[in-house]
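S.K.: got a predicted model here, sequence first, then my questions.
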Amino acid sequence: MDETEAIVAEIEDYCRRGGLAESTFGRRAVNDGKFVSRLRSGGGVTTKTISRVREFMRGRPVGPGKTAAAAAVARPGVSGVAAIDGTGTDKPSAAFRFYDNRQKYLLFVNTCSEKWVIAERVGMELTRITPRPPGLRVFDAGMGDGTVLTRLMRRMHGHFPTTPFLVVGKEISLEDVRLSLSRMSDRFFEHPAMVLVVTNLYYTESPWLMPRSLAAAASLNWQVVRLAGSTSHEFDEQIAALQPLLDNGWQVKASETTGNPLYVRPSVLVIYREDHELLLDPLIPRPGHTSGKYDLVVASQPYRARMPIEFKVERVLSPLARSLGPGGRMIVIHSYGDDPGLEIVQRVWPGENPFRARRNEVLAVLKKSLGRARRGLNFNAYSDRRSIFRYHMHTLPSEIGGSIGTSTLLAAWNAAVYVGQIDDQRLDEAITSRNYLDATRAVLRKHDGLWFLNESFVVSRKGA
């Protein structure tokens, strides 16, 4: 999330807590009643104006003795909001970013089946794709630890065992890039005709592997690695040896105004087997010469549920839809709610519901955002039966039927608040009593376990 998204999130929270119309806020803060709506529509804003708006909110407390900036810290799932210390000084370095909390993320990934189920759902799209020369092009709009992508690549090999692949993955987290690459040696062994690309560029840049600004493009860190040998062990050793290159290329810095991580240097890492370079030459990207035109774009949980639809569309989905080639398909997956996980959250925080934007609403805004570029695109919301799917927290039948152990309760609680995007401040308040464990236990027994719902939709481009 960039500075514009962060300031809009803060303004929304300020207006909600103060019972203030956004148009009134705009007039009072910057003498512009349409200020907030223009920001949502992608309008630019200067650092000076952002500072002016934050100064306005800090100087006019809302709610029970809190300033608007402090109130924004308590907004669940909003990243990059500066913390306020005892003197009222902004400290962006103390800002909390929900999805950067590795312990919660890793516990969730290892106790729930979401990644596996998503890989199965994405794999269904392969039957609707017809690769065109020189090969199959796939873009993963958020690799994470590589679980979804590697499982998808196995299925891709099953469908197209002799077709050359170009697989591009976007990821800004160094740790996730390391984990993803550690899974790839077997993929290069089983499917040698493959080019793997990893980049830390933004959603508006990564499909084309080129920064939008001239300054960033001039500093582009483009690295090509040709794997030697023919065994997965040899490939694994060479990939492991890339650590110094990753340490240099995947450095991040905190935004001075939001605290959000930004890439220090835009980086692209291209990996392929040197013994297949001649065959793969038409697929190997070169700086400034990547056309996109992907056959499959995977956008799995690419944005926070609480973000306004306009931001989800403008900053993520719109550029990804534009990158589809003839016959290409983009599958988008996000949390749905209305499940036992949300029930746990609502027992502790009544009325809490971050999952407000359904797929039909998102698609309607996406169509409008694309304008003339929507020509040739199909927007497929599908029925609930096809779109909505379930994943579970791994438990043994005996864990739920009798006395539920503390470790199981804590794992279920973590999964519920992770998916529900509850911030640390409210979590700290909740765990001062045992109510959260009682709520978790009650829901597990009521539903004989814990499960969550995701929904999916597809944007496809007509064939040439």
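M.R.: Perfect, thanks for sending it. Residues are numbered from 1 along each chain as shown.
S.K.: when you work out contacts or count neighbours from here on, use the C-alpha atoms and nothing else.
M.R.: Will do.
S.K.: would you map the helices across the stretch 51-200 of the chain?
M.R.: 68-73, 102-111, 114-123, 147-159, 174-182, 185-190 (DSSP state H, counting those that start in this stretch).
S.K.: among the ones you listed, which is the most enclosed?
M.R.: helix 68-73 (a mean of 25; mean count of other C-alpha atoms under 10 Å).
S.K.: I'd like the helices of the stretch 51-200 of the chain as TSV, with distance to residue 463 and mean pLDDT appended.
M.R.: TSV is the format used below for the helices of the stretch 51-200 of the chain (distance: least, C-alpha to C-alpha, whole Å; pLDDT from 0 to 100):
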stretch	distance to residue 463	mean pLDDT
helix 68-73	46	37
helix 102-111	36	86
helix 114-123	20	96
helix 147-159	20	97
helix 174-182	32	93
helix 185-190	29	97
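S.K.: so where's the stretch 251-400 of the chain uncertain?
M.R.: Within the stretch 251-400 of the chain, the stretches with pLDDT under 70 are 255-260.
S.K.: now do the domain split for the chain, please.
M.R.: 3-99, 113-337+353-381+457-461 (automatic domain parsing).
S.K.: which among the ones you listed is found nearest to residue 391?
M.R.: domain 113-337+353-381+457-461 (5.4 Å; C-alpha to C-alpha).
S.K.: now the end-to-end length of the closest one.
M.R.: 30 Å (C-alpha to C-alpha, to the nearest Å).
S.K.: ditto for stretch 303-317
M.R.: 10 Å.
S.K.: what's next to it, contact-wise?
M.R.: By C-alpha atoms under 8 Å, 6 or more residues apart in numbering, the surrounding residues in contact with stretch 303-317 are 5, 9, 40-42, 77-78, 203-204, 302, 334-335, 354-357, 362, 365-366, 369.
S.K.: in strands only, show me those residues.
M.R.: Among the contacts of stretch 303-317, the members falling in strands (DSSP state E) are 334, 335.
S.K.: could you tell me which of the contacts of stretch 303-317 belong to helices?
M.R.: The members of the contacts of stretch 303-317 that map onto helices under DSSP state H are 5, 9, 40, 362, 365, 366, 369.
S.K.: redo the residues you listed as CSV? Include neighbour count and distance to residue 281.
M.R.: Listed next are the ones in helices among the contacts of stretch 303-317 as CSV, based on neighbours: other C-alpha atoms under 10 Å; distance: C-alpha to C-alpha, whole Å:
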residue, neighbour count, distance to residue 281
5, 20, 40
9, 21, 45
40, 17, 42
362, 18, 38
365, 16, 39
366, 22, 35
369, 17, 36
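S.K.: just give me the closest of these to residue 58.
M.R.: Closest to residue 58 out of those is residue 9 (14.8 Å), distances taken as C-alpha to C-alpha.
S.K.: looking at the closest one now. What's its pLDDT?
M.R.: On pLDDT, residue 9 comes in at 82.
S.K.: go on, the one 10 residues further on?
M.R.: As predicted, residue 19 sits at a pLDDT of 72.
S.K.: what separation do you get for it and residue 7?
M.R.: 18 Å.
S.K.: how about residue 53?
M.R.: 8 Å.
S.K.: ok, the residue nearest the centre of the chain to residue 434 distance?
M.R.: The C-alpha lying nearest the average C-alpha coordinate of the chain belongs to residue 302 (C-alpha atoms, centre = their mean; 2.9 Å). Taking C-alpha to C-alpha as the measure, residue 302 falls 33 Å from residue 434.
S.K.: for residue 301, same thing?
M.R.: 31 Å.
S.K.: kindly report the same for residue 331.
M.R.: 40 Å.
S.K.: quick one: which of these two has more around it?
M.R.: Counting neighbours by other C-alpha atoms under 10 Å for residue 331 and for residue 434 shows that residue 331 has the greater number, 19 against 9.
S.K.: I figured that one was touching residue 298, is that so?
M.R.: Yes: with contact defined as C-alpha atoms under 8 Å, residue 331 counts as touching residue 298 (5.4 Å).
S.K.: any common contacting residues for these two?
M.R.: By C-alpha under 8 Å, 6+ apart, the residues touching both residue 331 and residue 298 are residue 122.
S.K.: so what's residue 380 up against?
M.R.: Contacts for residue 380 (C-alpha under 8 Å, 6+ apart) come out as 457, 458, 459, 460.
S.K.: at 10 Å what do you get?
M.R.: Residues in contact with residue 380 (C-alpha atoms under 10 Å, 6 or more residues apart in numbering) are 331, 359, 360, 363, 387, 456, 457, 458, 459, 460.
S.K.: in ChimeraX, select just the buried ones from the residues you listed.
M.R.: This is the ChimeraX syntax for the buried subset of the contacts of residue 380, where burial follows 16 or more other C-alpha atoms under 10 Å:
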select :331,359,363,387,456,457,458,459,460
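S.K.: among the contacts of residue 380, which ones are in helices?
M.R.: Reading helices off the contacts of residue 380 with DSSP H, I get 359, 360, 363, 387.
S.K.: look up how far residue 392 lies from the second one.
M.R.: So the one you mean is residue 360. From residue 360 to residue 392 the distance is 25 Å (C-alpha to C-alpha).
S.K.: more neighbours, residue 19 and residue 7?
M.R.: residue 7 (24 against 11).
S.K.: quick one: the more buried one is in a helix?
M.R.: Yes: remark: residue 7 belongs to a helix, assigned using DSSP: H, G, I helix; E, B strand; the rest coil.
S.K.: what's the nearest residue to it if we skip its chain neighbours?
M.R.: Using C-alpha to C-alpha, 6 or more residues apart in numbering and skipping residues adjacent in sequence, the residue nearest residue 7 is residue 50, 7.0 Å away.
S.K.: burial count for that neighbour?
M.R.: Neighbours of residue 50 (other C-alpha under 10 Å): 18.
S.K.: can I assume it is in contact with residue 5?
M.R.: No: here residue 50 lies out of contact with residue 5, judged by C-alpha atoms under 10 Å, at a distance of 11.2 Å.
S.K.: show me the contacts for residue 225.
M.R.: 196, 238, 239, 242, 269, 270, 271, 272, 273, 274 are the contacts of residue 225 under C-alpha under 10 Å, 6+ apart.
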